[in-house]
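Trainee: with the sequence up front, the predicted model follows.
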Amino acid sequence: MISKITCAGLTDRGLVRQENQDRWAADAELGLFLVSDGIGGGLAGALAARIVAEALPPLLRACMHDPSGIEHPLTPATRVERAIAALSDQVRTESKGQPGLDGMGATVVLALVHDPHAIIAHLGDSRAYLVRNARIEQLTKDHSIVQLLIDNGEIRPEQAAEYPERGRLTRYVGTDGEALPEARAVELCPGDQLLLCSDGLSGMVCDAELLSILHQAPSPEAACRDLIAAANAAGGRDNSTAVVIRLAATEPATNGKCAETPTVRDVEQPQPAMDWTLGGRSQSLDRSDHCARADDESAGRSRRCRKRRRRRTQCGQCGTSF
């Protein structure tokens, strides 16, 4: 049984961008954690991400308690999808024709956590990962041109980082037409970690390094700092945001489920919320902290790779032990 959840979040503008258009939010009462990455130049992207971070929690609360689905019960995952779709329609409608705002949008990835499950939902290329038993698994699939090309076999996954159209999204909050968010239910186990992040992190730090940092960090706060530092050490080409959620147990697991890969299925009813400890409210790393970490980690990626080869951990994506 999961008794306590600890969480921290951190966002940073990186080493190249002049502003930070990422946002993150946490609502302990609702069990909600989210990351949003703004799309569009000027103030449009930052505004869209802020709207997601501020407007989606109350919208989700209303949708999760909406009695309209009593005759034809809706799963929690479906309710979450409807809330995100409604927000997307609202952003598109209210920004259309507005000077500087027309076409604005944002990604979103969220975890709605209720023992012993989480609803993972997303729209765009911000990602959710699950770390369990020294393995990492990506729980979301990017809504992007690059992902479509990979799915169609036109490019290989290792080519995605350098592909010219890597930043183009096929779906996002505020998109034209039907938004089509995706949500899934994941069964949680004591000791699990969830990572929510923008593409400024996942695009700069490989899955194996994400796992290594999450596996070693003593706390969610430390994990967020080390993840952002790794993104900046790799070049910091974009804003980067990380939210790390850790699940503690009151008693050891008595079945074998937690030794397996995640169980993904729809959950009929959300369970009561748990006790919470939240840390690391919205903040940015100091620029001097960037420089110190970048200096300390010059050639750091190669050092980390050498260290990873000595650790008995495994990447859930490719099966590589390191």
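Mentor: It's in.
Trainee: show me where this structure has strands.
Mentor: Ranges of strands within the chain are 2-12, 22-27, 32-39, 105-106, 108-114, 117-123, 127-132, 135-138, 182-187, 193-197, 240-249, 275-278, 314-315, based on DSSP state E.
Trainee: need the ones you listed in JSON lines (columns: distance to Pro157, mean neighbour count and mean pLDDT).
Mentor: No exception for glycine: its C-beta is placed from N, CA and C like everyone else's. Output for those, formatted as JSON lines (distance: least, Cβ to Cβ, whole Å; neighbours: other Cβ atoms under 10 Å; pLDDT from 0 to 100):
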{"stretch": "strand 2-12", "distance to Pro157": "26", "mean neighbour count": "22", "mean pLDDT": "90"}
{"stretch": "strand 22-27", "distance to Pro157": "24", "mean neighbour count": "24", "mean pLDDT": "97"}
{"stretch": "strand 32-39", "distance to Pro157": "21", "mean neighbour count": "27", "mean pLDDT": "97"}
{"stretch": "strand 105-106", "distance to Pro157": "25", "mean neighbour count": "30", "mean pLDDT": "96"}
{"stretch": "strand 108-114", "distance to Pro157": "19", "mean neighbour count": "26", "mean pLDDT": "96"}
{"stretch": "strand 117-123", "distance to Pro157": "18", "mean neighbour count": "27", "mean pLDDT": "97"}
{"stretch": "strand 127-132", "distance to Pro157": "14", "mean neighbour count": "23", "mean pLDDT": "98"}
{"stretch": "strand 135-138", "distance to Pro157": "11", "mean neighbour count": "18", "mean pLDDT": "98"}
{"stretch": "strand 182-187", "distance to Pro157": "19", "mean neighbour count": "20", "mean pLDDT": "96"}
{"stretch": "strand 193-197", "distance to Pro157": "18", "mean neighbour count": "27", "mean pLDDT": "98"}
{"stretch": "strand 240-249", "distance to Pro157": "21", "mean neighbour count": "25", "mean pLDDT": "93"}
{"stretch": "strand 275-278", "distance to Pro157": "35", "mean neighbour count": "14", "mean pLDDT": "42"}
{"stretch": "strand 314-315", "distance to Pro157": "13", "mean neighbour count": "19", "mean pLDDT": "40"}
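Trainee: so which of those strands gets nearest Arg82?
Mentor: strand 182-187 (9.4 Å; Cβ to Cβ).
Trainee: got the angle between that closest one and strand 127-132?
Mentor: 10 degrees (axes from the mean of the first three to the mean of the last three Cα atoms, to 10 degrees).
Trainee: quick one: list the elements packing against strand 182-187.
Mentor: Contact analysis of strand 182-187 by 3 or more Cβ pairs under 8 Å, 6 or more residues apart in numbering; DSSP states H and E lists helix 76-95, strand 117-123 as its packing neighbours.
Trainee: what's the neighbour count on Arg17?
Mentor: 16 (other Cβ atoms under 10 Å).
Trainee: report pLDDT for it.
Mentor: Listed pLDDT for Arg17 reads 94.
Trainee: ditto for Ala160
Mentor: 82.
Trainee: residues contacting it?
Mentor: 146-147, 150, 166 (Cβ atoms under 8 Å, 6 or more residues apart in numbering).
Trainee: redo that, cut-off 10 Å
Mentor: Ala160 makes contact with 142, 144, 146-147, 149-150, 166, 203, according to Cβ atoms under 10 Å, 6 or more residues apart in numbering.
Trainee: show me which pair in the residues you listed is furthest apart.
Mentor: Maximum distance among these (Cβ to Cβ): 15.8 Å, for Leu149 and Gly203.
Trainee: the two: which is more packed in?
Mentor: For Leu149 versus Gly203, the count of surrounding residues by other Cβ under 10 Å is larger for Gly203: 21 against 17.
Trainee: for the more buried one, phi and psi?
Mentor: When read as degrees, to the nearest 10, the backbone of Gly203 gives phi -80, psi -20.
Trainee: quick one: it and Ser144, what's the gap?
Mentor: Gly203 is 11 Å from Ser144, where distance means Cβ to Cβ, to the nearest Å.
Trainee: overlap in contacts, these two.
Mentor: With Cβ under 10 Å, 6+ apart, Gly203 and Ser144 have common neighbours 125, 160, 166-167.
Trainee: by neighbour count, sort out the buried ones in those.
Mentor: Among the shared contacts of Gly203 and Ser144, those scoring as buried are 125, 160, 166 (criterion: 16 or more other Cβ atoms under 10 Å).
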